[in-house]
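Colleague: using only what follows, build the 3D model:
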Amino acid sequence: MRRRIEVEAHVADPRLVEERRGQILDAAIRLFSEKGYYRTTILEIARAAGISSGLIYQYFREKEDILLLALMQVLEAYERELPAAIVGINDPVERLCTALRAYCRVVDGMREATLLAYRSTKSLPPERRGHVMDAELRTNRIIRDCLAACIDGGYLEEMNRDLMVYQYVMFCHAWALKHWALGGSYSVDEYVDEGIALLVEPFLTPRRGRATLRALRARTR
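Modeller: You can find the predicted model right below:
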């Protein structure tokens with residue numbers, strides 16, 4: 001069951017809360033990524049967001065609330081964008097490849113937040129860290145379902161499904177973690193193409209799986 005995340009605001013207008021929190025979170029993610037969570041102050045976040053530090057406390061009780069919602073922002077983007085990308089796609093191989101591409105594109109658009117999740121999740125107390133881990137597992141299940149459909153349908157050879165899911169997840173996150181090294185050589189789509197060649201293609205069944213990928217490449221080239 002998905003656990004509810006409580007972050008109190010003293011402003012009643014939901015539209016204003018969403019707008020102002022987005023402004024604050026953008027500034028906080030940038031500063032947390034540059035300076036680290038513990039070295040960043042509320043005053044610095046306020047200045048970067050162009051508001052007073054007192055106003056921040058109308059939308060967040062404390063800095064920890066800001067970190068939690070900053071991390072959840074990227075995880076919720078995965079949960080939202082991956083299902084949207086694969087809706088209506090029936091071919092299992094295409095669903096898997098499309099999910100990996102969507103995942104990497106979200107990471108590409110939120111590289112600072114992705115890095116922040118790796119560096120600062122441990123700064124949350126256990127209960128709140130649990131929210132982050134639950135959200136990651138929900139995204140992993142989307143990828144796992146795509147992988148399972150390929151294996152069960154005879155498109156991919158049987159394998160350790162749990163370990164392969166984490167290979168896919170780490171590949172997607174590496175676009176942010178190692179963008180300093182990879183970004184000059186690949187676009188995000190070229191990176192995904194190389195990842196499919198490394199992490200999907202070698203495990204395709206000789207006839208059904210490989211023929212499906214060839215047809216997909218011909219159709220999308």
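
Colleague: now the helix or strand harbouring residue 24: buried residues?
Modeller: Residue 24 is located in helix 14-35, with elements delineated by DSSP states H and E. Applying a neighbour-count criterion of 16 or more other Cβ atoms under 10 Å, one finds 17, 20-21, 24-33 buried in helix 14-35. No exception for glycine: its C-beta is placed from N, CA and C like everyone else's.

Colleague: so the helix or strand just after it versus helix 14-35, what angle?
Modeller: The helix or strand immediately downstream of helix 14-35 is helix 42-49, counting by DSSP H and E. If you take axes from the mean of the first three to the mean of the last three Cα atoms, to 10 degrees, helix 42-49 sits at 110 degrees to helix 14-35.

Colleague: got the contact list for helix 42-49?
Modeller: By Cβ atoms under 8 Å, 6 or more residues apart in numbering, the residues outside helix 42-49 that reach it are 23-24, 26-28, 30-31, 35, 52-53, 55-57, 63, 66.

Colleague: just how off-centre is stretch 15-24 within its chain?
Modeller: Remark: stretch 15-24 is offset 21 Å from the chain centroid, using Cα atoms, centre = their mean, to the nearest Å.

Colleague: cool, stretch 9-16 as well?
Modeller: From the chain centre to the centre of stretch 9-16 is a distance of 27 Å (Cα atoms, centre = their mean).

Colleague: now do that stretch, average pLDDT.
Modeller: The pLDDT scores in stretch 9-16 average 85.

Colleague: got the end-to-end distance for that stretch?
Modeller: Counting by Cα to Cα, to the nearest Å, you get 11 Å between the two ends of stretch 9-16.

Colleague: that concludes my questions; thank you for your assistance.
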